[in-house]
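*Asks:* what would the 3D arrangement of this be:
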Amino acid sequence: MIESMNAEWRAELEKELKENILGFWKEHTLDETNGGFIGEMNGAGEIVPGAHKSLVLNARILWTFAAAYRRYGQEDDLRMADRALDQLKTRFKDEEHGGFYWMIHPEGSPSEDKKQVYGQAFVIYALAEYVRATGNREPLGLAEEIYRLLERYAYDPVHTGYIEALARDWSETDDLSLSGKDLNERKSMNTHLHVLEAYTNLYRIWKPEGLRLKLKELIEVHLDRILDSRGSHFLLFFDDEWNSQAADVSYGHDIEGSWLLWEAAEVLGDPELEARVHKAALAMAHATLEEGTDADGAVFNELHGNGKLDDSKDWWPQAEAMVGYLNAYQLSGEERYLEASQRSWRFIQEKISDREGGEWHWQVTRDGVPNPMQQKVGAWKCPYHNSRACLEAVERLESLTKRSR
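*Replies:* Next comes the predicted model:
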């Protein structure tokens, strides 16, 4: 029974990935004037002239198409990955001070030159994936360089963890916030989660003792500092000493973090940490399912500290919920998590996937109506969450099918 169900689900996932996600980016996002990729497309599918280009968008495109090439071996996916890699090297890289600019003008000059640690981490994540996919280890040298820069300038040797951002020359800056909706605090859950993700992928291909220790410490930071006292939600913003500066709950980050923490612990291979993460991952998945998931299977955006629920439904928490609940099922064997993952996928298929314009809607209302004012492509609207969710789900369903035989 599970084998036939999984085969149908996998077929749907691969069709969505190859045709509606990867196909959209190949057909609609190449910048034929300046090279690389466009900076922005509005909700109507219109390219925004003169839009600046984001390091996060470019790095996530590199990761996406490298991961697709690693899975399927299609040359057009490799060409997309190579195009993104070239942009990183020739446009985003700061040749004077090292690292990568946060934003560039369409023709390639920096428009925001600060070193946002979140962005540097995504470059490491993407470069490591390219090495995994191609076997070409030349980009590993660049990933190692960024890793060392982060450890030299962004790491907090007193309280552990990483500072949000530094100036172009890696000196201190007061401009710390990741985006207009983030607090201008010294440390954040979001940045640490993606440094964890980056170091996990880097450790797959490069295993110095120093990186092993840093990955271990990052897992412990998430368990000991970022998880709340109940062990079920991430705290979001902190000062240097890890005092929480906000009371909001981000359900998408909770369910994403549940499986990324487990992935990190598995890659690290520390049995004691695996046991701790196993417990935390299931606690986070349980809390998200009970508190943050609507009757239709979709995950709400946030619960604000004042108790007000943001009940809109962005694309990326739905992608992460499908994977996070599937991971919880693999860890626990509890059918409710498998059912929750299936409901997430159904909601994505029925409400989030854009059948007319391609790709996924950024946001729908609680009752599933798309918000036409949100971007289709932009600094944060990238092919990473949804493509990764499809790839992860396919791989996990294959594993479940093998176990059932």
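
*Asks:* any idea of the mean pLDDT in stretch 117-134?
*Replies:* Averaged across stretch 117-134, the pLDDT comes to 99.

*Asks:* nope, stretch 324-342 is what I was after
*Replies:* 98.

*Asks:* could you do stretch 85-100 as well?
*Replies:* pLDDT averaged over stretch 85-100 gives 98.

*Asks:* what does stretch 375-386 give?
*Replies:* 98.

*Asks:* list of residues touching that stretch?
*Replies:* 21-22, 24-25, 28-29, 38-43, 45, 51-52, 54, 56-57, 60-61, 63-64, 103, 179, 315-316, 319-320, 354, 357, 359-360, 362, 374 (CB atoms under 8 Å, 6 or more residues apart in numbering). Every residue, glycine included, has its C-beta placed from N, CA and C.

*Asks:* next one: stretch 34-53
*Replies:* Under CB under 8 Å, 6+ apart, the answer for stretch 34-53 is 25, 28-31, 54, 57-58, 61, 83-84, 86-87, 91, 103-108, 111-112, 357-358, 361-362, 370-379.

*Asks:* would you mind listing which of these are buried?
*Replies:* For those, a burial check counting by 16 or more other CB atoms under 10 Å picks out 25, 28-29, 31, 54, 57-58, 61, 83-84, 87, 91, 103-104, 106, 357-358, 361-362, 370, 374-379.

*Asks:* gap between Val267 and Ser341?
*Replies:* Remark: distance between Val267 and Ser341 (CB to CB, to the nearest Å) = 22 Å.

*Asks:* compare the two (neighbour count), which wins?
*Replies:* Using other CB atoms under 10 Å, the more surrounded residue of Val267 and Ser341 is Ser341, with 25 against 15.

*Asks:* which residue is the nearest non-sequential neighbour of that one?
*Replies:* Using CB to CB, 6 or more residues apart in numbering and skipping the chain neighbours, the partner closest in space to Ser341 is Tyr325 (3.8 Å).

*Asks:* for Pro110, what are phi and psi?
*Replies:* phi -70, psi 140 (degrees, to the nearest 10).

*Asks:* please list all residues in contact with it.
*Replies:* Per CB under 8 Å, 6+ apart, neighbours of Pro110: 94, 101, 103-104, 168.

*Asks:* and the residues you listed as TSV, adding distance to Ala11 and secondary structure?
*Replies:* Below are the contacts of Pro110 laid out as TSV (distance: CB to CB, whole Å; DSSP: H, G, I helix; E, B strand; the rest coil):
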residue	distance to Ala11	secondary structure
Asp94	44	coil
Tyr101	41	coil
Met103	39	strand
Ile104	39	strand
Arg168	48	coil
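
*Asks:* go ahead and confirm Thr134 touches Glu75.
*Replies:* No: between Thr134 and Glu75 there is no contact under CB atoms under 8 Å: 11.6 Å.
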